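Q: Predicted model follows, preceded by the sequence.
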Amino acid sequence: MQDLEQFRADTRSWLEENCPPTMRTPTKSDKDYCWGGRNYQFQSDEQRLWMERMGARGWTAPTWPKEYGGGGLTKEEARVLKQELKRIGARQALFSFGISMLGPALLKFGNEEQKKRHIPKIVKGETRWCQGYSEPNAGSDLAGLGTRAEDKGDHYVVNGQKIWASYADEADWIFCLVRTNTEGKKQAGISFVLFDMVSEGVTTRPIRLISGASPFCEIFFDNVKVPKTDLVGQENAGWTIAKYLLTHEREMISGFGAASMRELGDMAVEMLGLQDGKLADGVLRGDIARQDIDAAAFMFTLERTRDEAKAGVSLGAVSSMLKYYGTELNKRRHELILNIEGMNALAWDGEAYNNGALSRSWLRTKANSIEGGTSEIQLNIVAKHILGLPG
Amino acid sequence: MALVYTEEEQLLRDSAKEFLEERCSVSAFRALRDTGNIDGFDREVWSQMAELGWPGILVSEEHDGLEFGVVGAGVIFEEMGRTLACSPLLSTAITGAVLLMEGGNDAQKQTFLPAIAAGEKLTALAVDEGPRHAPRAVAMRAEPTNSGYSLSGSKQFVIDGRVADTLIVVARTSGEPGDDAGLTLFLVDADAEGVTVTPNQMIDFRSADNVNFANVQITADAVLGKFDQGAALLEIALNAANRMLAAELLGIAEEAFGRTVAYMKERKQFGVPIGSFQALQHRAAQVYTDIELTRSVVLKALQSEGPAVPMLTSLAKAKACATAQLATNESIQMHGGIGMTDEYEIGFFIKRARVAQHTYGDYTYHADRVARMKGY
């Protein structure tokens, strides 16, 4: 306990000294998120400094081992760090699929050389990663993927197409599922490989979405040469890694619904006012209360499952439940914001409406229950793997 | 505090489960109902619960209780929900004990608490005067007399009213119905002249009775807690009771759902188990998720202390009401025709769930309370 309080005091003074003032203000839009990587255009020097300082300390990945550049913190220390960051309203220093998805899989399945080469650059924000999972004909049926990797001795030659890869056009490297065997069970012919996005034969094309943004891309592979040193785990054993990584992706996405956000009740009171001490619109009041109750129960479920899971143990099928509920909750929240704000929330442009931030965020949430496995797929997993239902 | 049960609480769960399965199974509940029991519970089982110390689960050691705490009590209620065990635990060990511990003077504590902990004295909280829980709406008056007070009025759906030795009556000593101030609690002997109990037969077979008070004379030392300021004391006891009811509803939902999933694997139509149909699988997975959410918020509420209690109590009760309603409705639908029969046990769960939901505030009551506390 004493040590933890000392850690808190040290952390507090380090943050006081190292977190630049503008990094203690709320982000205004997605543009303020720092993604790092070779080609990232920093919004400001302070944004760059904040990422570099946190990265150098390993605090962008607080619980990862120190030997690979991580923070080496215990779970308790990491919680203290989180609290102290929250206390000063610090922005997240680095948004990274390397941290939220690839890292945990690489720490578990990667060889020593791969960990030494890739993990420190992830922690420091030097390499930005994207995910090559879905294909035009392999969405919910992910294991049906067809991107081929042909064995050429010391390397593979990859041909095929990926889709829905977030920010692939800005990524430096890709973690990618490829088919190395077309015979037998489809899950047993998949391998997990890493390669540089500037490799010859890689092209990306952003896809414009209903929100007007283009966060997702198509990627085309035309005879891309991938050295075998970047095969993670054994050949044809990539499905296990893919699934492990998916549980982390689901945990990340399920967190969207639990992030500390503005109270819907406050928004509604500001918009509609009170009548006899209650929100003037009684129907909306009931809807908001239901959302608050479910959101609280969900937040405590995240807390409970974390407390139950021993350090390093994956949540497995429970992450499907969290992903399903967290994303549906987030969609409901954004529908309620539309109900509260009315036409304000349907504006597409204009300074007065923050350039349509509400409508665009609302549209973005529709993907929450599709990406990382649809809600229906998550319910299938719960039914089969937790409830043991047949078929 | 980590959101998990301690080893001690886990041991208590194991022993509670074992006892309840042996002595208070769902078939024992059916037998109780069918053999013309008039108390709404089995007195022999109650004395065995007393041997285990359950009536004194919250009572301080100083007064011969177990002082095990709210989480432990919640564990017992969750397990009682699973087997539909009937007992006066809520009225006596929770509302009665909490009111006396928090509001009683030394003499009252000495008189009541050891007897409650021993299972020898039963209490009942007489608060509501209508079919919907509304503690502030109390209109019944206590008029001052030369030696104390005179009570007149009637209370409805008093849990365990017919078996209580002592009624804890909420009456108005000033103000108007709807006011927070002006409520006072009184300890009234159930045998006192002018007290009439009219039993109600509820769908869950338990006691929730109407009690009439006609010029019931009580002495000044019958006041429990602060005069005119009983609302705060009452709220403490209702928060405790609602957390127990939330735990019981969780147990009911778990058991009804567990039985339903087992049935889905067993029951065949079109040559396959009905549990292989995706239409049912997805609904089952949704019920499962809601039960998991309820488990978290109930445990959080049980662990809460101090100013966090009212909000967490209402979050937990509201969520437990919604989940128990969903789980019991789905359990009947997924059982099909057999779920509608009295012969099959699944129907017992929906009946107990609804009464527990409406006891001391249903979903809307607690959702409204959440909204008020959050300022909208």
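A: Yes, it's here. Fair warning: this is a prediction, and the values are worked out from it, not measured in the lab.

Q: Next, the nearest residue to B:Arg33 once chain neighbours are set aside: secondary structure please.
A: Nearest residue to B:Arg33, sequence neighbours excluded (Cβ to Cβ, 6 or more residues apart in numbering or on different chains): B:Phe205, at 4.9 Å. In this view, the C-beta of every residue, glycine as well, is placed from N, C-alpha and C. Using DSSP: H, G, I helix; E, B strand; the rest coil, the structure places B:Phe205 in coil.

Q: B:Phe205 touches B:Cys86, doesn't it?
A: Yes - shown here, B:Phe205 and B:Cys86 form a contact pair, counting by Cβ atoms under 8 Å, at 7.1 Å.

Q: neighbour-wise, which of the two wins?
A: Shown here are B:Phe205 and B:Cys86; by other Cβ atoms under 10 Å in any protein chain shown, B:Cys86 has more neighbours (24 against 20).

Q: Next one, pLDDT for that one please.
A: Note on B:Cys86: pLDDT of 96.

Q: Just want to check the distance between it and B:Met49.
A: Separation of B:Cys86 from B:Met49 (Cβ to Cβ, to the nearest Å): 11 Å.

Q: where does the stretch 51-200 of chain A have low pLDDT?
A: By pLDDT under 70, the stretch 51-200 of chain A has no low-scoring segment.

Q: let's see it at 90
A: Applying pLDDT under 90 to the stretch 51-200 of chain A picks out residues A:75-76, A:79, A:139-140.

Q: Which parts of it are strands?
A: Under the criterion DSSP state E, counting those that start in this stretch, strands of the stretch 51-200 of chain A are mapped to A:129-132, A:148-151, A:155-166, A:173-179, A:190-196.

Q: among these, which is nearest B:Gly72?
A: strand A:129-132 (46.4 Å; Cβ to Cβ).

Q: Pairing partners for that closest one, with directions?
A: Paired strands of strand A:129-132, with direction, are strand A:173-179 (parallel) (DSSP bridges).

Q: who are the neighbours in contact with the residue nearest to B:Arg33?
A: B:29, B:32-33, B:40, B:86, B:351 (Cβ atoms under 8 Å, 6 or more residues apart in numbering or on different chains).

Q: try it again with 10 Å
A: Residues in contact with B:Phe205, defined by Cβ atoms under 10 Å, 6 or more residues apart in numbering or on different chains, are B:29-30, B:32-34, B:37, B:40-41, B:84, B:86, B:348, B:351-352, B:355.

Q: Taking the stretch 201-350 of chain B, what residue is nearest to chain A?
A: Residue nearest to chain A within the stretch 201-350 of chain B (Cβ to the nearest Cβ): B:Ser276, separated by 3.2 Å.

Q: Find the nearest non-adjacent residue to that residue, please.
A: A:Gly391 is the one closest to B:Ser276 (Cβ to Cβ, 6+ apart), at 3.2 Å.

Q: dump the residue contacts of the one you found.
A: A:380, A:383-384, B:272-273, B:275-278, B:281.

Q: Quick one: those as JSON lines, columns for distance to B:Thr219 too.
A: Listed next are the contacts of A:Gly391 as JSON lines, based on distance: Cβ to Cβ, whole Å:
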{"residue": "A:Asn380", "distance to B:Thr219": "67"}
{"residue": "A:Ala383", "distance to B:Thr219": "63"}
{"residue": "A:Lys384", "distance to B:Thr219": "66"}
{"residue": "B:Val272", "distance to B:Thr219": "71"}
{"residue": "B:Pro273", "distance to B:Thr219": "66"}
{"residue": "B:Gly275", "distance to B:Thr219": "63"}
{"residue": "B:Ser276", "distance to B:Thr219": "68"}
{"residue": "B:Phe277", "distance to B:Thr219": "66"}
{"residue": "B:Gln278", "distance to B:Thr219": "67"}
{"residue": "B:Gln281", "distance to B:Thr219": "63"}
